[in-house]
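S.K.: could you look at this predicted model? Sequence included:
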Amino acid sequence: MREAVGIDKVSKSFFGNKVLHDVSLSIKYGEIHSICGENGAGKSTLMKIIGGIYNSDGGTITVNGEEASLRTPQEAYLRGIGIVHQELSLADNMPVWHNIFVNREITGPLGFIKRRDMQQRASEILEKLDMRVDPRAKVSTLPFATKQMIEIGKLLSMDVDVLILDEPTSALSERESQALFDLLLSLKKQGKAIIFISHKLDEVRQISDRVTVLRDGRLVGTLTREEATTDRIVSMMVGRDIDEFYPPKAKRRDGKIMLKCSGLSRKDKFEDISFDVREGEILGLYGLVGSGRTEVALSLVGADKIDSGTVELDGMSFRARSPRQAVKSGLCYLSEDRKQLGLFLEMTLEENFVSSSLERVTGQFGVIQEKQVKSISEQLMEQLGVVPKRSEALAASLSGGNQQKVLLGKWLSANPRVLIVDEPSRGVDIGAKSNIHFLLRELADRGMAILMISSDLPEILGLSDRVMVMHEGRLKGILENTDLTQEGIMNVAYGEVGTP
Amino acid sequence: MNKVIKAVRGMDKQMGVILFLLVVITIVMALDNPYFLTVHNFTVMAEGFLFEGIMALAMTLVIVSGGIDISVGGVFPLSAILMALMVRSGYNYYLAMLIVLLVAAMIGFINNELRRILKIHPMIVTMAMLLTLRGLNLAITDGRVISRLPLGFIEMANKRLMGLSWPMLAYIVLAMVWFVLSKKQRSFLHVYFVGGNPASAALSGIRTENVYRMVYMLSSMLAAVAGILATMVYNSASSNFGQGIEMRVITAVAIGGASLTRGGIGSIEGTILGSLFLAMIYNAFIMSGVSAYYQDVFTGLMLVIAVVLRTQVFRKE
Ligand SMILES: Nc1ncnc2c1ncn2[C@@H]1O[C@H](COP(=O)(O)OP(=O)(O)OP(=O)(O)O)[C@@H](O)[C@H]1O
Ligand SMILES: [Mg+2]
């Protein structure tokens, strides 16, 4: 097979901190090549160098055998390289079709765009991805996973030969991921080169022809499809063996009911949702994209309206008017969209950690107590394994998975009574994921009531005490998590087994 | 009819409010004074706000890009002064206009370069430019009015086409062109991407600096167009022209629904309505004999209301 991209001894430093050390790698046409590595291993950085977003400090990159200068995204595109970034990069204020075709508009004379043509092509592409979205819809109105799919649609519309997908599935559920994989496989058959990054090793093994592992910015090795067992990948990633296992289930199931919802409805989003969460319990909430799971959470914390129904928090009738008020009452929500709704990217880690619990670190006359901030941050970074462990680093400079850990830390420091987490381990590597799971269980054991939204079925099964399933805005059932299987949950989700 | 209902539903809510207020004011004023509804009054009303209206078109783009351009308050009188001086010393009128436009383009260019190189907020950069230009205007004119322009120029300036004055004609043409471009032209549409999410616009390969350069240059150039028209209307020029005009322009844009706090939100049709609204209000002030001093009070009030509407009431997710 012909080489598409040749990476030769590429290095990169940020402010004297070397994050890629002489990495060499060859990507061929007609293969799906996965890159694995822990959070902060340098995967995204390497992709951004190929994509023309960062310039490497040393080494060369060849495209189709020729040395290529890739200094801007436009140059990379002209060389036939397209990329879906780990962090979404859509303009929320613009319609779907234009986001797909931005800067590659179909234009007539004087740069006048051909809107109809682009809308038409956009809906064809979205159909290929099995998405039912009006291409004229404004992006801000769409759920997170849909935005992710649009981002993928944008890549497809580029018609490039080298496709890079940096954690495209972290926010997708089974079904969308499968649709994506079918498509990637058919693109591979057409001879395209595909680079795929994911922390879900099952997916990696399912679709890759080769797997390359990075550790601390160094190339550890490349495995063929046959060699790439989960154990092998993991031990190359972390330099030792780790087992993937989940913490034990709840110690007590008879705690006080902390959050109780009855008949919650919001027009066009969800209808008649009733459930409760007890102290010390983790209630898993599973649903496909568009099932209304995030919308329920947003309504509960006052970011959206509720049309009807009642909510009780710790036995008292409760209706949050704003997320701020919800936090004050002890109900916190960890958003799946860390960039838009979660982190303050231009602030330091410690500022992020205490941003939701300022009362705790404010002394007399409203002065922030630096010492306390430091100690809280250090503790959280230790607990969550944030790398680099520098509390004065800017959040924006962290790798995606590490940003997720900081976001979780922010809510932990607020110490809520009820915690709603939306995709808590999105984009987090295997080791850190297990960390987060144990941490959530520990919080529950200390008396917190936790509602965990996730599209990761193993995570739902491994961590929840009960599982609540939603589909198209309706509650399909709440199941006790004993002898539950992935198929069992899927069946309920698709409405084949109707448990009330 | 269905189409109309759909259009109204899909319309930006803030624009809806403005439209509604426009109708209410018209009815109230018309009941109070039948003269209000005459063609003549409408012309008077519009003429009073045409310079602002023209400048607001380009200001909309600047604001959508996430910036602001205060310096138009200096470019406007400077252009009028340069035009008057050149015409008086016998330049060909059209050549003079071209030179004024080029000077303005240069000022816009410098605004943007300062913003880019010094990495300071456009508010500060353009405010400094405004002060500089004000000083320059005074220096050039020595504080005096430049009048006694050649008869030929005055004749040309007073010509009418289809019964429309030059400023009226210019506004109608520019508003239409701007409206169409803002909906259809690639570079104009990229302003929305750059304003909405600069980082991701760059990732998509948009050369964001080109976009910023375009909006600041256009803003200066439309201020120059307004300045040239002012020379034609008043047959003179002075450094006193257009005191506080930049604030009226920005207010018109804000009333039209553009967000001053966040880029990516705003529209030309909104700005046109906003300009119409302010024009009508100022006219209503005059007709009902309220002291002109209150106009500024009102402008300030409207600016706050517009921003509150945008950020609190009709907040977009
Ligand atoms: N713009 C930046 N400024 C400073 N440091 C950076 C920047 N971008 C990345 N880094 C650092 O480079 C290292 C590699 O980051 P990178 O984003 O490539 O990791 P990754 O392998 O993609 O991790 P993840 O799985 O969490 O996405 C990290 O230590 C990160 O903190
Ligand atoms: Mg990454």
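M.R.: Received it, and whenever you're ready, just let me know what you need. Ligands and ions are numbered 1, 2, ... in the order given.
S.K.: could you use CA atoms for every contact and neighbour count after this?
M.R.: Fine.
S.K.: now the residue of the stretch 1-150 of chain B found nearest ligand 1: how far from chain A?
M.R.: Closest residue of the stretch 1-150 of chain B to ligand 1, CA to the nearest ligand atom: residue B:119 (18.6 Å). Using CA to the nearest CA, to the nearest Å, residue B:119 is found at 16 Å from chain A.
S.K.: from residue B:112, how far off is that residue?
M.R.: Here residue B:119 is placed at a distance of 10 Å from residue B:112 (CA to CA, to the nearest Å).
S.K.: those two - which one has more neighbours?
M.R.: residue B:112 (25 against 11; other CA atoms under 10 Å in any protein chain shown).
S.K.: got the contact list for that one?
M.R.: Residue B:112 makes contact with B:122, B:212, B:213, B:216, according to CA atoms under 8 Å, 6 or more residues apart in numbering or on different chains.
S.K.: which of these has the most neighbours?
M.R.: Highest count within the contacts of residue B:112 by other CA under 10 Å belongs to residue B:216, 32 neighbours.
S.K.: helix/strand/coil for that residue?
M.R.: helix (DSSP: H, G, I helix; E, B strand; the rest coil).
S.K.: nearest spatial neighbour of it, skipping sequence neighbours?
M.R.: residue B:108 (4.9 Å; CA to CA, 6 or more residues apart in numbering or on different chains).
S.K.: how about the helix or strand where the one you found lies: buried residues?
M.R.: Assigned by DSSP states H and E, residue B:108 belongs to helix B:93-118. By 16 or more other CA atoms under 10 Å in any protein chain shown, the buried positions in helix B:93-118 come out as B:93, B:96-97, B:99-115.
S.K.: ok, and of the residues you listed, which contact ligand 1?
M.R.: Near ligand 1, judged by CA under 6 Å from any ligand atom, there are no entries from these.
S.K.: all helices for the stretch 201-317 of chain B, in order.
M.R.: For the stretch 201-317 of chain B, applying DSSP state H, counting those that start in this stretch gives helices covering B:208-234, B:245-255, B:268-287, B:293-308.
S.K.: quick one: contacts of stretch A:438-457?
M.R.: Stretch A:438-457 is contacted from outside by A:171-174, A:246-251, A:258-259, A:277-288, A:293-294, A:416-424, A:460, A:463-464, A:486, using CA under 8 Å, 6+ apart.
S.K.: which residues of chain A score low on pLDDT?
M.R.: Residue ranges of chain A with pLDDT under 70: A:240-244, A:339-341, A:359-361, A:363-364, A:495-500.
S.K.: go on, chain B?
M.R.: B:1-11, B:313-317.
S.K.: up against chain A, what does it have?
M.R.: Within chain B, the positions near chain A by CA under 8 Å from any CA of the partner chain are B:181, B:184-187, B:190, B:192-193, B:196-197, B:199-206, B:264-265, B:317.
S.K.: I'd say residue B:259 and residue B:265 touch.
M.R.: Yes: using CA atoms under 8 Å, residue B:259 and residue B:265 qualify as a contacting pair, with a distance of 5.6 Å.
S.K.: so which bits of stretch B:12-30 are buried?
M.R.: If you call a residue buried by 16+ other CA under 10 Å, then stretch B:12-30 has these buried ones: B:12, B:13, B:14, B:15, B:16, B:18, B:19, B:22, B:26, B:29.
S.K.: and which of those is nearest to chain A?
M.R.: residue B:12 (12.9 Å; CA to the nearest CA).
S.K.: next, count neighbours for the closest residue to chain A within the stretch 201-317 of chain B.
M.R.: Nearest residue of the stretch 201-317 of chain B to chain A: residue B:205, at 4.9 Å (CA to the nearest CA). Using other CA under 10 Å, residue B:205 has 19 neighbouring residues.
S.K.: now residue A:420, what's its secondary structure?
M.R.: Using three-state DSSP, the structure places residue A:420 in strand.
S.K.: now do the same contact list for it.
M.R.: If a contact means CA under 8 Å, 6+ apart, then residue A:420 has A:297, A:331, A:332, A:333, A:334, A:450, A:451, A:452, A:453 as its contacts.
S.K.: so the fifth one bridges to which residues?
M.R.: Beta-bridge partners for residue A:334, by DSSP bridges, are residue A:421.
S.K.: quick one: it from residue A:327, how far?
M.R.: Distance from residue A:334 to residue A:327, by CA to CA: 11 Å.
S.K.: and what of the first one?
M.R.: Distance of residue A:297 to residue A:327, given as CA to CA: 13 Å.
S.K.: likewise the fourth one?
M.R.: For residue A:333, the distance to residue A:327 (CA to CA) stands at 8 Å.
S.K.: one more: the last one?
M.R.: According to CA to CA, residue A:453 and residue A:327 sit 18 Å apart.
S.K.: so these two - more neighbours on which side?
M.R.: Each of residue A:453 and residue A:327 has its neighbours counted (other CA under 10 Å); residue A:453 has more, 26 against 22.
S.K.: if the more buried one is in a bridge, with which residues?
M.R.: Assigned bridge partners for residue A:453, using DSSP bridges, are residue A:285, residue A:422.
S.K.: residues making contact with the helix or strand containing residue A:379?
M.R.: For residue A:379, the host element (DSSP H and E) is helix A:370-384. Residues from elsewhere that reach helix A:370-384, judged by CA under 8 Å, 6+ apart: A:349-351, A:353-354, A:361, A:389, A:391, A:405-406, A:409, A:413, A:432, A:435-436.
S.K.: between the residues you listed, which has the most around it?
M.R.: That'd be residue A:349 among those, by other CA under 10 Å, with 31 neighbours.
S.K.: show me what contacts that one?
M.R.: Applying CA under 8 Å, 6+ apart, the residues near residue A:349 are A:377, A:390, A:391, A:392, A:393, A:394, A:395, A:406.
S.K.: try residue B:267
M.R.: Counting by CA under 8 Å, 6+ apart, residue B:267 touches B:60, B:182, B:256, B:257, B:258.
S.K.: and residue A:328, how close does it get to residue A:314?
M.R.: Note on residue A:328: its distance to residue A:314, by CA to CA, is 14 Å.
S.K.: more neighbours, those two?
M.R.: Here residue A:328 and residue A:314 are set side by side on neighbour count (other CA under 10 Å), and the busier one is residue A:314, at 18 against 15.
S.K.: helix or strand for the nearest residue to that one once chain neighbours are set aside, which one?
M.R.: Nearest residue to residue A:314 in three dimensions, chain neighbours excluded: residue A:258, at 4.3 Å (CA to CA, 6+ apart). Using DSSP H and E, residue A:258 maps to strand A:257-266.
S.K.: cheers, nothing more for now.
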